[in-house]
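**Student:** Sequence and predicted structure below; questions after.
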Amino acid sequence: MIAGCDHIGIQVRDVDRSARFYAERLGFEPVSRFAKSEPYVQRVVGCPDGVRLEIAILRIPGSEVFLEILEYRGAAGTPVDPATANPGTAHFCLFVDGLEELHRRLLAEGVEFVSELETPTAGPNKGGKLVYLKDPDGIRVELVETDRRSDDSFRPGRAGAR
């Protein structure tokens, strides 16, 4: 049985650059920075011998979930096209208070967005605000300002359920 969620893992080109982005731009709390190269780790993640994983762990604000940022050193990595509709890509969603202000600040700091701020006209976020940003590797992060929280919209029979 699944008992909870510990972390979201993303693979990046430069672990330190990405950790700075999430800490400085989005307020994630740095928790740990370490490397792993034990054979069992290489087997678990499916990498050849000699690969070293450089790892940064950051706490996602307002949650008990962590972001694990991984750089695979010593492995040939090919960047993927993380465009939203491409199968195999992913995004994660963060609740935000004051999204307009955050959006303006991030734009001024050079952060790239998929679109302008939108106001949903239907669904559980109706009347709120949302936008997708791109992190330094193009990974999409959804920012949502709404009155609801996740458990409100995913439970059958609840107001605003999907």
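**Tutor:** Okay, I see it. Residues are numbered from 1 along each chain as shown.
**Student:** Under the pLDDT cut-off, which ranges of the protein? List them.
**Tutor:** Confidence mapping of the chain against pLDDT under 70 gives the ranges 149-162.
**Student:** Is the residue nearest the centre of it bridged to anything, and to what?
**Tutor:** Taking Cα atoms, centre = their mean as the criterion, Phe92 is the residue nearest the geometric centre of the chain, at 4.6 Å. Here Phe92 shows beta-bridge partners Val141, assigned using DSSP bridges.
**Student:** Would you agree it is in contact with Leu143?
**Tutor:** No: because the distance of 10.4 Å does not satisfy Cβ atoms under 8 Å, Phe92 is recorded as not touching Leu143. Glycine gets a C-beta too; all of them are placed from N, C-alpha and C.
**Student:** Name the residues that touch the longest helix along the chain?
**Tutor:** For the chain, the helix with the greatest residue count under DSSP state H is helix 99-108. With contact meaning Cβ atoms under 8 Å, 6 or more residues apart in numbering, helix 99-108 is reached by 25, 96, 113, 117, 129-131, 133, 143-145.
**Student:** can I get the residues you listed in CSV with neighbour count, distance to Lys36 and secondary structure?
**Tutor:** Formatted as CSV, the contacts of helix 99-108 follow (neighbours: other Cβ atoms under 10 Å; distance: Cβ to Cβ, whole Å; DSSP: H, G, I helix; E, B strand; the rest coil):
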residue, neighbour count, distance to Lys36, secondary structure
Arg25, 18, 26, helix
Val96, 22, 32, coil
Phe113, 16, 33, strand
Leu117, 15, 39, coil
Lys129, 18, 39, strand
Leu130, 18, 35, strand
Val131, 21, 34, strand
Leu133, 23, 29, strand
Leu143, 20, 31, strand
Val144, 19, 33, strand
Glu145, 19, 37, strand
